[in-house]
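In: coordinates only, sequence not included:
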C-alpha cells in the first residue's frame, strides 16, 4: 500500500469514477491508474468499486468505509508537510483563500495589503468561487481559509466565525421616483430590478422577502458583480439591489443609495476553516487581520477536538 494508491482512490470518487479524468488530474496514465487500483484490491483482498465491465459505477460498502480512512490519512500527510514547513520556513509558503467575488473585491483589499506587508515572502492566492465551490475547495484541502456569506455556516466539516455584518442597499439615478418617497417593498416591486444571481450575495434572502410579502419582484437582470449591476442601473434598465459594502459614496455619486431602513435584513459574512486542516501561523494572522477578536488562541480553541464534542 502506498500514498499514490490512496490518492487514486480519493480522486476516483472526486472525478465521478471516470478513470480518464483521474489520470489527467494526477498526471498519470489510465493503465497505471487501473493497475494501482487492482494492486490495492489484491493486497486488501477486497473489491472497492462496483463495476460494469471496465466501467466503475460506485463504491462497494468496504470501499465507502475505506474512503473515510483514506481522506483522513491524506489530510494528516498534508498536515505533516505543513507542520514541517511551519518550523523550517516560518514566514514563507503559500496561503490559499477561497472567497466570493464580492468579498475579494470589497472586503479583503485592506486585509490583503496588511498581510503582504507583514509576510512579503508568502505567496497569497485568492481563489474566487461560488459559495458551493468554496465549500468544496475547503473540504478537499485545496484552500486554507474560506470567506463567504452563504453556505459555510451549516457544513459539519467546517468551523466558521463571524467576520462582519452587511445589508442590501437600493441604488437608482438621482432623478428616480424612489428617491422622493419612503422606501418600501411595495414601492420597489413597482420597478424592474437588477441584482445578484441565485446563490450569491444574499439573493435567496431578497427572493424570500418579496415572497413573504406576497409581492412579485420583476428581476430583469442578474449578475455576479456589483459593478456590473451598477453599469446597467446607470443605463436606466432597472433599480439596483447590491451589497452595502459595494457602495462608494464618492465614486457612485451618480447612483445614490435610496434612503431608508434595510428591506432585506442583515447578513453576516463568515470565515471558515476545515476541521483537522493544519494552519500555518501566517494563516492565523490573516484571520486576525480580518477580525481582531479572532486571534490564534481563539481559532485554535474552536478547532480543537474538545470544542467539537
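Out: Arrived safely. Source: prediction; values computed, not measured. Residues are numbered from 1 along each chain as shown.

In: Spatially nearest residue to residue 218, not counting backbone neighbours?
Out: residue 192 (5.1 Å; C-beta to C-beta, 6 or more residues apart in numbering). Placement of C-beta: from N, CA and C, glycine included.

In: ok, now residue 245?
Out: The shortest distance from residue 245 to any residue that is not its chain neighbour, by C-beta to C-beta, 6+ apart, is 4.4 Å, and that residue is residue 106.

In: Pretty sure that neighbour sits against residue 248.
Out: No. Contact status for residue 106 versus residue 248: not in contact, 9.0 Å apart, counting by C-beta atoms under 8 Å.

In: So the two - more neighbours on which side?
Out: More neighbours surround residue 106 than the other of residue 106 and residue 248, with 19 against 11 (other C-beta atoms under 10 Å).

In: Tell me who's in contact with that one.
Out: The contact partners of residue 106, by C-beta atoms under 8 Å, 6 or more residues apart in numbering, come to 226, 243, 245-246.

In: go again using 10 Å as the cut-off
Out: By C-beta atoms under 10 Å, 6 or more residues apart in numbering, the contact set of residue 106 is 166, 226-227, 242-248.

In: how about the residues you listed, which pair is most distant?
Out: Spanning the widest gap among the contacts of residue 106 are 166 and 227, at 16.6 Å by C-beta to C-beta.

In: So for these two, which sits in the more crowded spot?
Out: Taking other C-beta under 10 Å, residue 166 and residue 227 do not tie; residue 166 has more neighbours (21 against 14).

In: Can you show me the helices along the stretch 201-309 of the chain?
Out: Counting by DSSP state H, counting those that start in this stretch, the segments of the stretch 201-309 of the chain that form helices are 203-212, 226-234, 281-290, 296-303, 305-308.

In: To residue 118, which of those lies closest?
Out: Of all these, it is helix 281-290 that lies closest to residue 118, at 6.6 Å by C-beta to C-beta.

In: tilt between the closest one and helix 296-303?
Out: Computed by axes from the mean of the first three to the mean of the last three C-alpha atoms, to 10 degrees, the angle separating helix 281-290 from helix 296-303 equals 100 degrees.

In: Which secondary structure elements does helix 281-290 sit against?
Out: Packing partners of helix 281-290 (3 or more C-beta pairs under 10 Å, 6 or more residues apart in numbering; DSSP states H and E): helix 61-88, strand 93-99, helix 109-118, strand 122-128, strand 145-148, strand 158-171, strand 266-274, helix 296-303.

In: among the ones you listed, which is the most enclosed?
Out: Scoring the helices and strands packed on helix 281-290 by mean neighbour count under mean count of other C-beta atoms under 10 Å gives strand 145-148 as the most buried, with a mean of 26.

In: Give the other helices and strands that that strand contacts.
Out: Contacting strand 145-148 under the criterion 3+ C-beta pairs under 10 Å, 6+ apart are the following elements: strand 93-99, helix 131-139, strand 158-171, strand 266-274, helix 281-290.

In: 7 Å - rerun?
Out: Other helices and strands packing on strand 145-148, by 3 or more C-beta pairs under 7 Å, 6 or more residues apart in numbering; DSSP states H and E, are strand 93-99, helix 131-139, strand 266-274, helix 281-290.

In: how about a markdown table for those, with distance to residue 209 and mean pLDDT added?
Out: Compiled in a markdown table, the helices and strands packed on strand 145-148 are given as follows (distance: least, C-beta to C-beta, whole Å; pLDDT from 0 to 100):
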| stretch | distance to residue 209 | mean pLDDT |
| --- | --- | --- |
| strand 93-99 | 25 | 94 |
| helix 131-139 | 19 | 90 |
| strand 266-274 | 12 | 94 |
| helix 281-290 | 28 | 95 |
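
In: Compile those into JSON lines and extend it with columns for distance to residue 218.
Out: Conversion of those to JSON lines gives the following (distance: least, C-beta to C-beta, whole Å):
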{"stretch": "strand 93-99", "distance to residue 218": "31"}
{"stretch": "helix 131-139", "distance to residue 218": "25"}
{"stretch": "strand 266-274", "distance to residue 218": "23"}
{"stretch": "helix 281-290", "distance to residue 218": "37"}
